[in-house]
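# Sequence below, structure please.
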Amino acid sequence: MAQQLGSATSEFEKKDRCGDLDHRPRVLLGKMGLDGHDRGVKVIARALRDSGVHVIYSGLWQTPASLAISARDEDVDVIAASMMSNSHLVLGKNLVQGMKDVGRSDIPVLMGGILPAEDIEKLKQMGVQECFPTGTGLQDIVDAVRADVHKQDLAVASGHGSAQLARDISLMHDEKEMRSDAVRRRPKRVIGFTGAPGAGKSTLLAQMVREHANRAKKDPSIGRCAVIAFDPKSPITSGALLGDRLRVDFNTIGEHVFYRSLAIRGEDYHGLSEAVELIGGAFEGDQAYDTVFVETVGAGQNETMIRDFVDSTVVVLTPGAGDSVQMDKAGILEIADVFVCNKADNPGKDILMSDLHEIAGKTPMFETIATHAQGIPELFDGLFAQ
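A predicted model of the protein is given here:
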């Protein structure tokens, strides 16, 4: 029975509540419809993360189709859809159908928000497993997620290619037994993006994915692309908030990109090479993922291991991040095959580019304003020409 909260949500204790389960719960948290408010859903995201859950936050204004694709590719245990409008009956039904369409009708759908009491039974009849109206306690939500975590089968029942790829990556990342007949192939290009927290890597990658999708419409021979995005894991609860995919507009890109979020500690990229090969071997022909982008966690000066796993490394910098002395220090700048000055509309851009010219030698440099897609075609051409 849902319990009314009697204290501030900030008092929810940070504690691993999931360490006894078969694997870390993975929850897709998203908002469907036109509602633009996300404060409540962020409170839930933090509570789940602080309980040891890996929370994939897909952002605002999602369609049932985009949420279904995200849930499948992230191989989640639960979809938690937040509703704050009167479209829950239509969108809930479409989300359940969307999960069938993408080959993962087995993933349970939970729905919360402003849900009239008289509609809850209707939602359940449509296939929504459980409803959480306003006033539900955070512990109730955590308990519901825990109840839906079960041992993962080696093969997904539907046999859907993308769904099976997602499962293979889950088992590989958790260092568990995998099916023996998974095809492995190194994609044509594997490009790593690294840089300090806040440099705009996720937005930059979202624009690269969009550019790739647009070009593939004109030239299908370039195949599809995939993203592996790493975010940090809590040292206290082992939970994580995986929010990089919210920058990508899956409402328009759809199936062109396979996007997978993973939580790690430090630079523990165990299994990355195998994940890349699984992505490369999942499909053939024009449907193959011939390009894989890898986004690191926010990196410091000495975090350089990504270069061991990719064909080329893009180091993303922003104006005002340091002086010329910082540029001369050994570390992350040494591994760059390409430099990107993102947020090039910020003060200090000319100083950064001048400092880069002194240390970069012949290393290519690009200026971008990712939030406005400026410089993206040029960066794309530069990377794909290598």
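# immediately after the least confident helix or strand in the chain by mean pLDDT, which helix or strand?
Ranked by mean pLDDT, DSSP states H and E, the helix or strand of the chain with the weakest confidence is helix 324-328, at a mean of 56. Counting by DSSP states H and E, the element after helix 324-328 in chain order, helix or strand, is strand 338-341.
# Mind listing the strands that following strand pairs with, and their directions?
Partners of strand 338-341 in the sheet, by DSSP bridges, are strand 312-317 (parallel), strand 365-367 (parallel).
# Out of these, which one sits most buried?
strand 312-317 (a mean of 24; mean count of other CB atoms under 10 Å). Where you see a C-beta, it was placed from the backbone N, CA and C, and this is true even at glycine.
# Any chance you could give me that one in PDB, C-alpha atoms only?
Extracted C-alpha coordinates of strand 312-317, given in PDB (Å, rounded to 0.1, in the frame of the first residue of the first chain):
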ATOM      1  CA  SER A 312      41.100   7.500 -32.600                       C
ATOM      2  CA  THR A 313      40.600   9.700 -29.600                       C
ATOM      3  CA  VAL A 314      38.800  13.100 -29.600                       C
ATOM      4  CA  VAL A 315      39.700  15.300 -26.700                       C
ATOM      5  CA  VAL A 316      37.000  17.900 -26.000                       C
ATOM      6  CA  LEU A 317      38.100  21.200 -24.300                       C
END
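# contacting residues around it?
Contact with strand 312-317 is made by 189-196, 199-201, 204, 306-307, 332-333, 335-342, 352, 356, 383, 386, as judged by CB atoms under 8 Å, 6 or more residues apart in numbering.
# Tell me who's in contact with residue 14.
Neighbours of residue 14 in contact, by CB under 8 Å, 6+ apart: 50, 234, 236-237.
# Turn the residues you listed into a markdown table, including distance to residue 151, pLDDT and secondary structure.
Formatted as a markdown table, these follow (distance: CB to CB, whole Å; pLDDT from 0 to 100; DSSP: H, G, I helix; E, B strand; the rest coil):
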| residue | distance to residue 151 | pLDDT | secondary structure |
| --- | --- | --- | --- |
| 50 | 25 | 97 | coil |
| 234 | 24 | 96 | coil |
| 236 | 26 | 96 | coil |
| 237 | 22 | 97 | coil |
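# What segments of the stretch 1-150 of the chain are helices?
39-49, 64-73, 88-101, 117-126, 138-147 (DSSP state H, counting those that start in this stretch).
# which neighbours does the host helix or strand of residue 292 have in its sheet, and in what orientation?
Per DSSP H and E: residue 292 is located in strand 289-295. Here strand 289-295 has these sheet partners by DSSP bridges: strand 189-195 (parallel), strand 224-232 (parallel).
# do you know which of those strands lies nearest residue 346?
strand 189-195 (14.5 Å; CB to CB).
# quick one: contacts of that closest one?
By CB under 8 Å, 6+ apart, strand 189-195 touches 201, 204-205, 276, 290-296, 298-299, 303, 306-307, 309-318, 332, 335, 342, 383-384, 386.
# buried subset of those?
Buried residues within those, counting neighbours by 16 or more other CB atoms under 10 Å: 201, 204-205, 276, 290-296, 298-299, 303, 306-307, 309-311, 313-318, 332, 335, 342, 383.
# how near is the nearest residue to residue 233 once chain neighbours are set aside to residue 235?
Spatial nearest neighbour of residue 233, chain neighbours left out: residue 263 (4.2 Å); criterion: CB to CB, 6 or more residues apart in numbering. Remark: distance between residue 263 and residue 235 (CB to CB, to the nearest Å) = 12 Å.
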